[in-house]
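Could you look at this predicted model? Sequence included:
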Amino acid sequence: MTNKPKLLFFAPNHFGIDKIIYQNLVSIDAYDITVLDDKQYRYKNIFERIYNQFYKFFFKKNFKKIYKGKRDINILKNKTFDISIVIRPDLLSNEFLIFLKKKKKKNIVIYWDSMEKI
């Protein structure tokens, strides 16, 4: 058995396109695939929601994205990847994207604007 390259895959769950791409990657059977889920951060209480809205309005920071990035870093910190495929990297925190850049040999990034332009 040969060692397959390790692939990290992230895509938002828009119209199920993430599942279609994932299924095609699996059918190729050329990669050991890890999927980074698109689950959004949930506020712990109403005060956290107000705090996030305040910072988004005044400081242009989205704590939901930052908290999700920290969660994802903790999940992947002991793993390495040969390739990462990221669709819509704007949904990920800058901290996580920098972390991801250090963890792989090759990045493939796809910016997707809308279905109307396809």
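Arrived safely, thanks for sending.

Can you pull out the residues in contact with stretch 54-74?
36, 39-41, 43, 48, 51-52, 91-96, 99 (Cβ atoms under 8 Å, 6 or more residues apart in numbering). Yep, even glycine has a C-beta here, placed from its N, CA and C like the rest.

out of these, which are buried?
Of the members of these, the ones counted as buried by neighbours, 16 or more other Cβ atoms under 10 Å, are 36, 41, 52, 92-93, 96, 99.

Lowest pLDDT pick from those?
Lowest pLDDT among those: residue 41, with 69.

residue ranges with poor pLDDT in this structure?
1-2, 40-41, 113-118 (pLDDT under 70).

what are the ranges of the helices in this protein?
17-28, 46-59, 63-76, 94-103 (DSSP state H).

and among those helices, the most buried is which?
Stretch with highest mean neighbour count among these: helix 63-76 (a mean of 16; mean count of other Cβ atoms under 10 Å).

from what I can see residue 6 touches residue 81, true?
Yes. Residue 6 is within contact range of residue 81, at 4.7 Å (criterion: Cβ atoms under 8 Å).

Show me which of those two is the more surrounded one.
Shown here are residue 6 and residue 81; by other Cβ atoms under 10 Å, residue 81 has more neighbours (22 against 18).

Please give me every residue in contact with that one.
Counted by Cβ under 8 Å, 6+ apart, residue 81 has contacts 6-8, 34, 103-105.

Nearest to residue 86, out of the helices of the chain?
Proximity to residue 86 (Cβ to Cβ) singles out helix 94-103 among the helices of the chain, at 7.4 Å.

Export that closest one to PDB, keeping only CA atoms.
The C-alpha trace of helix 94-103 is given here as PDB (Å, rounded to 0.1, in the frame of the first residue of the first chain):
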ATOM      1  CA  ASN A  94      -6.600  35.500   9.100                       C
ATOM      2  CA  GLU A  95      -5.000  33.700  12.100                       C
ATOM      3  CA  PHE A  96      -6.300  30.300  10.800                       C
ATOM      4  CA  LEU A  97      -5.200  31.000   7.200                       C
ATOM      5  CA  ILE A  98      -1.600  31.900   8.400                       C
ATOM      6  CA  PHE A  99      -1.600  28.700  10.500                       C
ATOM      7  CA  LEU A 100      -2.800  26.700   7.500                       C
ATOM      8  CA  LYS A 101      -0.100  28.200   5.300                       C
ATOM      9  CA  LYS A 102       2.500  26.700   7.700                       C
ATOM     10  CA  LYS A 103       0.900  23.300   7.700                       C
END
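
Good, wrapping up.
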